[in-house]
Structures are given as structure tokens and as C-alpha cells.
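Colleague: sequence and predicted model, in that order:
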Amino acid sequence: MAGCLTNCHLPDWECFDNLRQKRNSISSIVAGTLFGLGWWIIADAAAAYPDQNDFPKACHTCGVVSTLALIMVNSVSNSQVRGDTSDGGCLGSIGAKIWFFAGFILSFGALIGSAWILFGMYVVNNLENRNDWPGIAVFLQNLLIFFSAIIFKFGRSEDLWDN
């Protein structure tokens, strides 16, 4: 049963070869666009609801933590996490893994915190008939920054000079 699709081949299209060659550029553009869109959404919500009662300024903390997590996750290369590099750094491969793991923990924590803000402040306890857009904006911002970190980290090849 393992060989039933061995003779089936997809056609070799030149456009897919060009996309493979430009993988780093495409993933960087997509990740940067998602990151910018996330901050644009939260800036729109902050401008539309400037009152502290409608949109507390403490809700911006999740976006800042998520941005810090994006920087932490992407500051470590995949080869450092795998332990392929010979340069020791501060703690070597173990330190890179701890830093990478801490970045993902911060990223997940910011995403969970933004969901808590959305549902805790705007959906469930909507006693004052608030508009739900600020809560949705906080969650969308953190979700887009999270996807941006994932795409930038795992969408790129190891060779940074590859277009």
C-alpha cells in the first residue's frame, strides 16, 4: 500500500520554483504585514475609544508582551535550538532552548490574556453596554502578532543570504 502513489508526480511549474527561491522574502513580507496590521488594529481601537472606561490603557500590555515574545522567539536561530552551531554563546544550546521556550510561553500568555480581556471585560461582563470592538481589537492584535512570529520563525530557510 505504500507504493500506490509512487508513480504520481506533480508537474514542475516554474512559478513554484521562483516562490521557493524567494521564500525568505515572502515570509518576511507576510510576517511584517501581519505584525503591522495587528498594531494598526489596536491603534484604531485606541483612537476610536479614547475614554478610560471604554478601553482601559492596561489592555495594551498584552500587545507589548506579544511583541517582546516575537523578538525573543526570532532572535534565536533554528540551528542554535537544534544544537548544530559550534559557537557557545551565553549558555550554549541549552540557553537558546530556554530563551526560545520563554518566548513562546510569553506569546501564548499574551494570547490567552487577550482572550481573557475580550471575554472577561467585553463579552461576559458587559454590564455597561460597552461596544465589543476594543476587546476584539486586543485579541486580533495578539493573534496577528502570534501568527507573525510563527511565519517569520518557521517560514524562513536557514541561509539568511538566500533570496
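Modeller: On my side now, so go ahead.
Colleague: immediately after the worst-scoring helix or strand of the chain on mean pLDDT, which helix or strand?
Modeller: The helix or strand of the chain with the poorest confidence is helix 14-21; it has a mean of 64 (mean pLDDT, DSSP states H and E). As assigned by DSSP states H and E, the chain's next helix or strand after helix 14-21 is helix 23-48.
Colleague: next secondary structure element downstream of that following helix?
Modeller: helix 61-74.
Colleague: which strands or helices does that following helix pack on?
Modeller: helix 23-48, helix 92-117, helix 133-154 (3 or more C-beta pairs under 8 Å, 6 or more residues apart in numbering; DSSP states H and E). Bear in mind the C-beta positions are built from the backbone N, C-alpha and C, glycine included.
Colleague: return the angle between stretch directions for that helix and helix 92-117.
Modeller: Interaxial angle, helix 61-74 versus helix 92-117 (axes from the mean of the first three to the mean of the last three C-alpha atoms, to 10 degrees): 160 degrees.
Colleague: averaged pLDDT, whichever helix or strand comes after helix 61-74. What do you get?
Modeller: Downstream of helix 61-74, the next assigned helix or strand under DSSP H and E is helix 78-82. Helix 78-82 shows a mean pLDDT of 74.
Colleague: now helix 78-82: buried residues?
Modeller: Gln80, Val81 (16 or more other C-beta atoms under 10 Å).
Colleague: I'm done for today, thanks for sticking with me.
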